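Participant: got a structure for you, letters missing:
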């Protein structure tokens with residue numbers, strides 16, 4: 001019995017397709033367990049909070065494309081109130097992709113510090129201006145506003 005080369009090639013391709021489908025199913029069962037764990041992560045209901053996130057929440061927010069802004073300030077700092085105000089305005093404007101964490105520090109001489117982190121990187125600003133923060137947002141937001149593209153024009 002003579003076997004044609006095209007029949008052997010066809011059988012090989014069929015075997016390859018069936019094998020890859022079975023391998024995909026097996027791999028999917030192992031990676032499906034991670035999805036269940038992500039569903040168990042409880043995220044804050046609002047995007048402006050006054051406490052630190054745990055490490056799982058922090059990593060998950062970065063993984064889903066959120067930008068996390070940590071604002072450390074002192075209640076005795078007059079300049080900090082203004083910074084807090086425009087950071088909250090930005091958090092409301094970009095509520096679908098920004099999480100603002102406002103942390104009061106005990107040291108009355110502490111400068112306002114803003115840490116911005118996303119999947120694109122991390123920037124730390126001391127005594128930031130609104131322009132510095134917006135420039136950082138342009139660099140780090142997953143979906144930056146149109147004004148980022150037109151700011152250099």
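Facilitator: Received the coordinates, thanks. Keep in mind that what you see is a predicted model, and the values were worked out from it rather than measured. Numbering: from 1, shown residues only.
Participant: you'd agree residue 67 is up against residue 138?
Facilitator: No - if you go by Cβ atoms under 8 Å, residue 67 and residue 138 don't touch, sitting 11.1 Å apart. For the C-beta atoms, the positions are set from N, CA and C on the backbone; glycine is no exception.
Participant: any idea of the mean pLDDT in the helix ranked longest in the chain?
Facilitator: Identified as the longest helix of the chain according to DSSP state H is helix 5-39. The average pLDDT within helix 5-39 is 78.
Participant: For residue 67 and residue 138, indicate the residue with more neighbours.
Facilitator: Set side by side, residue 67 and residue 138 show more neighbours around residue 67, with 24 against 15, by other Cβ atoms under 10 Å.
Participant: for that one, phi and psi?
Facilitator: phi -110, psi 130 (degrees, to the nearest 10).
Participant: Excluding chain neighbours, give the residue nearest to it in space.
Facilitator: With sequence-adjacent residues excluded and distances taken as Cβ to Cβ, 6 or more residues apart in numbering, residue 67 is closest to residue 118, at 4.1 Å.
Participant: pLDDT wise, what is the one you found at?
Facilitator: So, for residue 118, pLDDT stands at 94.
Participant: you'd agree residue 101 is up against residue 70?
Facilitator: Yes - Residue 101 is within contact range of residue 70, at 4.7 Å (criterion: Cβ under 8 Å).
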